[in-house]
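J.: this one's sequence-less:
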């Protein structure tokens with residue numbers, strides 16, 4: 001499993017520019033122009049990069065959603081064993097240590113969400 005997960009703080013006022021930059025600009029006889037990296041460099045503040053596989057967030061976000069856990073309001077501790085079991089059931093795979101990695105993913109999300117300014121949002125990128 002591997003994919004890089006990173007988060008960026010973006011101001012609400014820049015939402016239209018973000019949406020425009022997210023669509024590659026078609027050009028005649030050349031490959032489309034990708035303006036998204038330039039948008040991030042000039043309009044977003046990068047937060048920490050997640051050091052484990054970004055693919056874990058697929059399972060983590062479903063887990064949190066199914067249980068209605070609000071990371072900003074809840075100090076609910078979730079055991080590595082519970083996460084390990086959920087991951088094995090959800091993905092039908094057995095990956096030793098994935099429960100502990102999912103705990104790190106949840107803590108990363110808490111940290112990232114705490115960085116959201118009043119007039120902003122988090123852009124979460126897995127790729």
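T.: Everything's here; your move. Please read these numbers as outputs of a predicted model, since none were measured by experiment.

J.: Going by C-alpha atoms from here, please, whenever you check contacts or count neighbours.
T.: Noted.

J.: Quick check: next helix or strand after the helix ranked longest in the chain?
T.: The residue-count maximum for a helix in the chain (DSSP state H) belongs to helix 98-114. Using DSSP states H and E, the helix or strand that follows helix 98-114 towards the C-terminus is strand 120-126.

J.: I'd like to check the angle between that next one and helix 98-114, please.
T.: Angle, strand 120-126 to helix 98-114, by axes from the mean of the first three to the mean of the last three CA atoms, to 10 degrees: 150 degrees.

J.: I'd like to know which elements strand 120-126 is packed against.
T.: Applying 3 or more CA pairs under 8 Å, 6 or more residues apart in numbering; DSSP states H and E, we find strand 120-126 packed against strand 5-11.

J.: how distant is the helix or strand following the strand it packs on from the center of its chain?
T.: Remark: after strand 5-11, the chain's next helix or strand is helix 15-21, criterion DSSP H and E. Distance of helix 15-21 from its chain centroid, counting by CA atoms, centre = their mean, to the nearest Å, is 18 Å.

J.: now stretch 111-127
T.: 9 Å.

J.: List the buried residues in it.
T.: 112, 113, 121, 122, 123, 126 (16 or more other CA atoms under 10 Å).

J.: Off-centre distance for the longest helix of the chain?
T.: With CA atoms, centre = their mean, you get 10 Å for helix 98-114.

J.: Stretch 5-16 too?
T.: Here the centre of stretch 5-16 is set off from its chain's centre by 12 Å, with CA atoms, centre = their mean.

J.: thinking again about what came up before, which outside residues touch the longest helix of the chain?
T.: Residues from elsewhere that reach helix 98-114, judged by CA atoms under 8 Å, 6 or more residues apart in numbering: 7, 47, 50, 52, 56-57, 60, 71-72, 78-85, 87, 122.

J.: try stretch 45-64
T.: By CA under 8 Å, 6+ apart, stretch 45-64 touches 1-10, 70, 86-87, 90, 101-102, 105-106, 108, 112, 126-127.
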